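Visitor: Make a model of this:
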Amino acid sequence: MKVKTCYICQQCGYQSPKWLGRCPDCGQWDVMVEERREPLSAAHRGGACTGTVVQRLSEVETSAEQRCPSGLSELDRVLGGGVVPGSLILIGGAPGIGKSTLLLQAVDRLANSGRVLYVTAEESMRQVKMRGERLSVTGNDLFLLPETSLEVILERVREFKPRFLVVDSIQTIFTADLESAPGSVSQVRECAGRLMHLAKGEGVSTFITGHVTKDGAIAGPRMLEHMVDTVLYFEGDAGHPYRILRAVKNRFGSTNEIGVFEMKEGGLAEVLNPSELFLAERPEGAAGSVVVPTLEGTRPILVELQALVSVSNFGQPRRTAIGIDPNRVALLVAVLEKKVGMSLLSQDIFFNVAGGVRLSEPGADLGVIAALASSHLNRPVPPKLMLFGEVGLAGEVRAVSRPELRVREAARLGFDRCYLPASCLKTLAAPPGMELRGVRNVEEALNEVFT
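Guide: Purely as a prediction, here's the structure:
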């Protein structure tokens, strides 16, 4: 059979018959690598029967999935209640963020429910042992395998028959059936596919870690995220000890759930009440500081928004935002200019979400507006007041999802006044000690806050 070669982008998986300096799909430079492609066998082309049968949907037998608790409640929350047998879970994150630490702590507790095989492809057994001693890992049914060959790993798994398998990481595993280097698109795709068949066929719950690109996405082909059952991103800032585990795909639970951890000397510690942690160092009576309740999945979290508005000394004012989309902040600045009449055109604007949290939902818009106005007017917002609501281009305040969870969390932490969209107030009962006020537009909200 004739062997063909093609050039494959190592970032997005785009294929080209000739070498290109720049990938036409993702726009990255110098990422096209030559790889050999073997023709498909008759079985892959459909020339051999695989023994599969056609069955009515109503005749398919189902049973309640038996999840296995990992021993880390924050991890179980993100997974949807625990580890599902035969599931394939992909964890991505920046180097040194704590992926291996998280997995080692989790499998130490999972070893109480069954044998665990930890494939350490990037570190030696001695290095893993040293980390385990620092984390006080004592699992007797936790076994290590220093191997990078996929064929050897699959053979050891079938001999050892573990209940849980960890592969750290998928970019260092290779199969001899392909001539490309480990970490290439073909190798990652093929190795992940075989591990998926192993997990489903043998019922082995499998965790794999993945490297990330400079943009923060998991390296390798995008189909890697489609092949697995769950995709988790481990996020954090080098300047903060807090780590956020975020689910962006989960076939066995809700997406956009988060788990919060704090990196300490003895490993990752669970943060069961992140709202108190993020507000612990909030300054009293400081202009530009506002608290908003954001919703991550089904979990309400109170975070502090900080704005600094000052006169620009240059012709082009600076606009900097950390932890929130800068384009969203620019949009809300334009609303303040047009609908409220604040002169911000010649002002430098710096915006920050305290604690290293990243906000993506529009429910924080009203808080952003209040923080910018507070800094510009140099008038602090009352410390026990919070705001939430989406702001439109006409200056209207729109309803957001699950307002009752946000209000309940604020009342639990001692907040006594809340400004929210008037449309949410119709079906919402105020908790004891909490005063709710509905607002219809930005101007009305700012008049209420600063009068």
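Visitor: hang on, residue 431 in a strand?
Guide: No: using DSSP: H, G, I helix; E, B strand; the rest coil, the assignment for residue 431 is coil, not a strand.
Visitor: what sits against it?
Guide: Residue 431 makes contact with 407-408, 411, according to Cβ atoms under 8 Å, 6 or more residues apart in numbering. Any C-beta I mention is one placed from the backbone N, CA and C, and that applies to glycine too.
Visitor: Likewise for residue 248?
Guide: By Cβ under 8 Å, 6+ apart, the contact set of residue 248 is 225, 231-233, 255-256.
Visitor: now the residues you listed in JSON lines, with neighbour count?
Guide: What follows is the contacts of residue 248, written out as JSON lines (neighbours: other Cβ atoms under 10 Å):
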{"residue": "225", "neighbour count": "18"}
{"residue": "231", "neighbour count": "21"}
{"residue": "232", "neighbour count": "27"}
{"residue": "233", "neighbour count": "22"}
{"residue": "255", "neighbour count": "15"}
{"residue": "256", "neighbour count": "17"}
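Visitor: so which two of those residues are the farthest from each other?
Guide: The most widely separated members of the contacts of residue 248 are 225 and 256, with 15.0 Å between them, by Cβ to Cβ.
Visitor: ok, back up a step: filter the contacts of residue 431 down to just the ones in helices.
Guide: Among the contacts of residue 431, the members falling in helices (DSSP state H) are 407-408, 411.
Visitor: Filter those down to just the buried residues.
Guide: 407, 411 (16 or more other Cβ atoms under 10 Å).
Visitor: which strand is the longest one in this structure?
Guide: The longest strand of the chain (DSSP state E) is strand 299-311.
Visitor: Next, the buried residues of it.
Guide: The neighbour-count check on strand 299-311 (16+ other Cβ under 10 Å) flags 299-309 as buried.
Visitor: follow-up on the earlier one: any idea which of the ones in helices among the contacts of residue 431 is closest to residue 428?
Guide: residue 407 (6.7 Å).
Visitor: What score does the closest one have for pLDDT?
Guide: Note on residue 407: pLDDT of 93.
Visitor: need the contact list for residue 302.
Guide: Residue 302 neighbours (Cβ under 8 Å, 6+ apart): 275, 278-279, 291-294, 386, 409-410, 413.
Visitor: Determine the three-state secondary structure at the residue lying closest to it once chain neighbours are set aside.
Guide: Nearest non-adjacent residue to residue 302, counting by Cβ to Cβ, 6 or more residues apart in numbering: residue 275, 4.0 Å away. The assignment at residue 275 comes out as helix when based on three-state DSSP.
Visitor: Okay, buried residues for the helix or strand where residue 144 lies please.
Guide: Element membership for residue 144, per DSSP states H and E: strand 142-145. Buried residues in strand 142-145, counted by 16+ other Cβ under 10 Å: 142, 144-145.
Visitor: Figure out how far the single longest helix found in the chain is from the centre of its chain.
Guide: The longest helix of the chain (DSSP H) is helix 185-202. Helix 185-202 sits 23 Å away from the centroid of its parent chain (Cα atoms, centre = their mean, to the nearest Å).
Visitor: residues of it that come out buried?
Guide: The neighbour-count check on helix 185-202 (16+ other Cβ under 10 Å) flags 185-192, 194-196, 198-199, 202 as buried.
Visitor: What of stretch 352-368?
Guide: 352-357, 359, 362-368.
Visitor: what about the residue nearest to residue 300 when sequence neighbours are not counted, neighbour count?
Guide: Once flanking residues are discounted, residue 300 sits nearest to residue 409: 4.0 Å by Cβ to Cβ, 6+ apart. For residue 409, the neighbour count with other Cβ atoms under 10 Å is 21.
Visitor: Residue 409 against residue 293, yeah?
Guide: Yes: Residue 409 is within contact range of residue 293, at 5.7 Å (criterion: Cβ atoms under 8 Å).
Visitor: How about the secondary structure of the closest residue to residue 386 other than its chain neighbours?
Guide: In this structure, residue 386 finds its nearest non-sequential neighbour in residue 291, 4.6 Å apart by Cβ to Cβ, 6+ apart. Counting by three-state DSSP, the backbone at residue 291 sits in strand.
Visitor: Pretty sure residue 291 sits against residue 278.
Guide: No: Residue 291 is not in contact with residue 278 according to Cβ under 8 Å; the separation is 9.2 Å.
Visitor: list the residues that contact both of these two?
Guide: Listed as contacting both residue 291 and residue 278 by Cβ under 8 Å, 6+ apart are 302-304.
Visitor: and the gap between the nearest residue to residue 191 once chain neighbours are set aside and residue 228?
Guide: Leaving aside its sequence neighbours, residue 191 sits nearest to residue 173 (Cβ to Cβ, 6+ apart; 4.7 Å). The gap separating residue 173 from residue 228 is 14 Å, by Cβ to Cβ, to the nearest Å.
Visitor: One more: residue 349?
Guide: For residue 349, the distance to residue 228 (Cβ to Cβ) stands at 40 Å.
Visitor: Same drill for those two, tell me which one is more crowded.
Guide: Shown here are residue 349 and residue 228; by other Cβ under 10 Å, residue 228 has more neighbours (25 against 22).
Visitor: wait, what's in contact with the more buried one?
Guide: Listed by Cβ under 8 Å, 6+ apart, the contact partners of residue 228 are 88-90, 192, 196, 208, 249.
Visitor: Out of the residues you listed, the closest to residue 153 would be?
Guide: Out of these, the member with the shortest distance to residue 153 (by Cβ to Cβ) is residue 208, at 11.3 Å.
Visitor: Give me the neighbour count for the closest one.
Guide: 27.
Visitor: For it, grab phi and psi.
Guide: phi -130, psi 140 (degrees, to the nearest 10).
Visitor: Separate out the buried members of the contacts of residue 302.
Guide: So, by 16+ other Cβ under 10 Å, the buried ones in the contacts of residue 302 are 275, 278-279, 291-294, 386, 409-410.
Visitor: Among those, find the lowest-pLDDT one for me.
Guide: Lowest pLDDT among those: residue 278, 83.
Visitor: Can you spell out which helices and strands pack onto the helix or strand encompassing that one?
Guide: Secondary structure from DSSP H and E places residue 278 in helix 274-279. Secondary-structure packing of helix 274-279 (3 or more Cβ pairs under 8 Å, 6 or more residues apart in numbering; DSSP states H and E): strand 258-264, strand 299-311.
Visitor: Next secondary structure after the shortest one?
Guide: The C-terminal neighbour of strand 258-264 among helices and strands, as given by DSSP H and E, is strand 267-270.
Visitor: Tell me the helix or strand right after the strand holding residue 144.
Guide: helix 150-160.
Visitor: Would you mind checking which of the buried residues of strand 299-311 is nearest to residue 61?
Guide: residue 299 (34.2 Å).
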